[in-house]
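J.: model the structure of this input:
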Amino acid sequence: MYRYTDFDAAFVAERNAQFRQQVARRIDGSLTEDEFKPLRLMNGLYLQLHAYMLRVAIPYGTLNGAQMRQLAYIADRWDKGYGHFTTRQNIQFNWPTLGDVPDMLDALAEVQMHAIQTSGNTIRNVTADHFAGAAADEIADPRPVAELIRQWSTDHPEFQFLPRKFKIAVTGSPNDRAVTRAHDIGLRMVRQNGHDGFEVIVGGGLGRTPMIGKVIRDFLPRADLLPYLEAIVSVWNLLGRRDNKYKARIKITVHEHGLEDIRARVEARFAELRPAFTGVDQQMLAGIEAQFAPPAFKSAPTAGFESAYAADPVFRAWADSNLTAHRAPGYAIAQISLKAHGATPGDATSDQMRVLADLAERFGHDELRISHEQNVVLPHVHKNDLPEVHAILKAHGLGTANIGKISDIIACPGMDYCALATARSIPIAQEIATRFEELQNEHDIGDLKIKISGCINACGHHHVGHIGILGLDRAGVENYQITLGGDHTERAALGQRTGPGFPADRIVGAVETVVETYLGIRRDRSESFIDTFRRTGMAPFKAALYPAARDARDAA
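T.: Residues are numbered from 1 along each chain as shown. From the prediction side, this is the model:
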């Protein structure tokens with residue numbers, strides 16, 4: 001992983017010192033809240049429904065044991081003993097006191113972490129495939145490129161006051177695990193004539209106007225990446241709607257001007273910028289790549305794994321759902337669910353964070369990943385170590401065997417924390433997970449992604465959920481709309497709305513109806529929910545959800 005240079009350490013220390021002075025002026029009244037707001041947002045500090053919230057960057061989802069242990073210390077020292085992992089591979093602390101935030105930032109700096117550009121109208125934390133550097137299907141590790149983008153974008157003088165926030169995602173695999181088509185810019189690594197480059201996707205995004213991104217370049221050589229990104233962002237910075245924040249995202253700019261017009265503008269700007277990039281960026285990239293060398297994988301038999309798999313059905317269920325193929329012989333990628341049935345999706349206690357840190361150091365070559373699905377990943381675990389890893393996880397409430405299943409729910413904080421939310425998300429996620437645990441059928445259901453948002457800003461990615469749930473306020477009553485058929489992968493699609501929403505006391509039953517309908521119409525157990533929906537369309541699900549409308553239609 002990347003390690004700070006002296007320049008990086010000095011840069012972060014100076015930013016923290018500046019913010020400490022700004023916080024002091026806010027506390028003594030020298031700064032009003034309106035004056036303080038842009039300053040705190042530049043340092044990841046939000047004012048939420050009940051308290052301040054500090055959002056900490058975990059660049060491209062990568063951290064080590066010492067960093068995870070420091071997050072646990074911060075949770076205990078200045079928060080309420082837990083942290084919330086988000087869909088942008090960040091961690092949020094929901095209860096800091098304003099006067100403590102500078103100390104929290106200094107504690108982060110001790111382990112080479114920060115909260116810079118996790119908020120505000122800037123280029124946000126660059127996200128990546130959470131299996132980066134480990135996946136068997138990977139062309140190349142995308143994290144060095146993500147780190148190069150992070151360094152380029154941090155405090156970039158042209159891009160600190162953009163029309164709105166700007167999000168970039170990178171994947172090194174043809175199987176998209178980074179939701180690249182739902183980002184302002186998505187980068188998918190491709191190989192052409194023996195050379196690595198990127199398919200560049202622009203104009204994706206969710207929120208009140210969800211759109212799937214469009215390919216602006218089929219193949220961009222790696223050496224052209226930064227000037228091309230700079231061309232895209234600078235074109236949008238000029239054209240983006242500053243008169244209406246709801247129309248300020250690049251997806252609206254692409255929609256209003258058309259992809260061909262935007263492509264022509266970007267290519268013209270790229271031609272102007274490219275000569276200024278004389279190769280220094282590629283020299284930096286080469287230095288960064290050296291820090292992402294794969295660990296020294298051990299060579300050992302896997303008999304211990306195989307015997308545990310054969311003898312222990314609980315371990316076998318966990319291995320079947322939570323393990324993924326690794327590029328190194330004898331290794332596996334272990335996903336650790338932060339979605340125990342009835343728990344808050346994405347939350348980890350400080351004790352659990354310390355357990356994860358210990359596991360990374362003992363069994364995982366000191367590497368952890370945070371996934372956009374709000375889970376934690378041990379990317380490099382030898383199979384023989386997995387039975388012991390699983391036993392430790394079980395003992396600390398982290399052994400749930402549900403990755404990709406119906407209880408592995410993405411959910412935003414909703415109205416329990418967020419000032420923008422119009423409905424609760426967490427209790428709905430908890431009730432759904434608990435209900436299907438009672439039914440004991442989630443493994444029979446198979447892969448099914450539920451994503452829940454508490455407002456139209458779509459922080460829970462509901463638009464790209466196989467089953468998406470959007471919480472809204474209807475005359476003071478929480479109401480939940482359902483969408484079906486969304487997909488966040490390389491086959492990205494936006495879900496279709498089923499019809500009228502459901503009150504909170506009926507939404508779990510509505511989800512159960514959708515699932516029962518699927519189980520009744522799938523061809524066999526191998527046909528997933530999303531494949532069944534694509535085959536049958538909305539009609540059978542709509543008929544099951546709204547029987548009164550169906551009966552009236554039949555009667556007519």
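
J.: and the helices in the stretch 1-150 of the chain?
T.: Remark: helices assigned in the stretch 1-150 of the chain by DSSP state H, counting those that start in this stretch are 6-27, 33-41, 65-78, 101-109, 143-153.

J.: can you redo those helices as JSON lines with mean pLDDT, distance to Arg208 and mean neighbour count?
T.: Using the backbone N, CA and C atoms, a C-beta is placed for each residue, glycine as well. Converted to JSON lines, the helices of the stretch 1-150 of the chain look like this (pLDDT from 0 to 100; distance: least, Cβ to Cβ, whole Å; neighbours: other Cβ atoms under 10 Å):
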{"stretch": "helix 6-27", "mean pLDDT": "98", "distance to Arg208": "31", "mean neighbour count": "15"}
{"stretch": "helix 33-41", "mean pLDDT": "96", "distance to Arg208": "21", "mean neighbour count": "15"}
{"stretch": "helix 65-78", "mean pLDDT": "98", "distance to Arg208": "32", "mean neighbour count": "21"}
{"stretch": "helix 101-109", "mean pLDDT": "98", "distance to Arg208": "30", "mean neighbour count": "20"}
{"stretch": "helix 143-153", "mean pLDDT": "98", "distance to Arg208": "25", "mean neighbour count": "23"}
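
J.: give the residue spans of this protein that score low on pLDDT.
T.: Scanning the chain with the threshold set as pLDDT under 70 gives 548-556.

J.: thought Ser153 was touching Asn125?
T.: No: in this structure Ser153 lies outside contact range of Asn125 using Cβ atoms under 8 Å: 9.8 Å.

J.: between the two, which contacts overlap?
T.: Shared contacts of Ser153 and Asn125 (Cβ atoms under 8 Å, 6 or more residues apart in numbering): Gln117.

J.: mind listing what the closest residue to Tyr46 other than its chain neighbours touches?
T.: In this structure, Tyr46 finds its nearest non-sequential neighbour in Met53, 4.5 Å apart by Cβ to Cβ, 6 or more residues apart in numbering. Neighbour list for Met53: 45-47, 92-94, 96, 417 [criterion: Cβ under 8 Å, 6+ apart].

J.: can you rerun that using 7 Å?
T.: Contact analysis of Met53 by Cβ atoms under 7 Å, 6 or more residues apart in numbering lists 46, 92-94.

J.: can you tell me which two in those residues are farthest apart?
T.: In terms of Cβ to Cβ, the contacts of Met53 reach their longest pairwise distance at Tyr46 and Phe93, which sit 10.6 Å apart.

J.: the two: which is more packed in?
T.: The neighbour count for Tyr46 versus Phe93, taken as other Cβ atoms under 10 Å, is higher for Phe93 (25 against 19).

J.: test my guess that that one contacts Gly81.
T.: No: contact criterion Cβ atoms under 7 Å: Phe93 and Gly81 do not qualify, at 10.4 Å.

J.: list residues touching both of the two?
T.: Ala75.

J.: which stretches in the stretch 451-556 of the chain count as helices?
T.: Counting by DSSP H, counting those that start in this stretch, the helices of the stretch 451-556 of the chain are 504-521, 529-536, 539-545, 547-555.

J.: please work out the angle formed by the directions of the longest one and helix 529-536.
T.: Right, helix 504-521. Counting by axes from the mean of the first three to the mean of the last three Cα atoms, to 10 degrees, helix 504-521 lies at 70 degrees to helix 529-536.

J.: off-centre distance for the helix or strand containing Val170?
T.: In the assignment (DSSP states H and E), Val170 maps to strand 168-171. Put simply, strand 168-171 sits 11 Å off its chain's centre (Cα atoms, centre = their mean, to the nearest Å).

J.: contact partners of it?
T.: 123, 126-129, 142, 145-146, 149, 177-180, 183-189.

J.: in strands only, show me the residues you listed.
T.: Mapping the contacts of strand 168-171 onto strands (DSSP state E) picks out 127-128, 185-189.

J.: residue contacts, Phe297?
T.: Contacts for Phe297 (Cβ under 7 Å, 6+ apart) come out as 328, 331.

J.: where does it land in three-state SS?
T.: At Phe297 the chain is in coil, as set by DSSP: H, G, I helix; E, B strand; the rest coil.

J.: and it, how close does it get to Leu359?
T.: Distance, Phe297 to Leu359, by Cβ to Cβ, to the nearest Å: 17 Å.

J.: what does Arg474 give?
T.: On the measure of Cβ to Cβ, Arg474 and Leu359 end up 45 Å apart.

J.: between the two, tell me which one has more neighbours.
T.: Comparing Arg474 with Leu359 by other Cβ under 10 Å, the one with more neighbours is Leu359, at 25 against 14.

J.: residues contacting the more buried one?
T.: 378, 389, 392.

J.: gap between stretch 132-150 and the chain center?
T.: 16 Å.

J.: and for stretch 300-315?
T.: 32 Å.

J.: and it, what's buried?
T.: By neighbour count with 16 or more other Cβ atoms under 10 Å, stretch 300-315 contains the buried residues 302, 304-305, 308-309, 315.

J.: cheers, nothing more for now.
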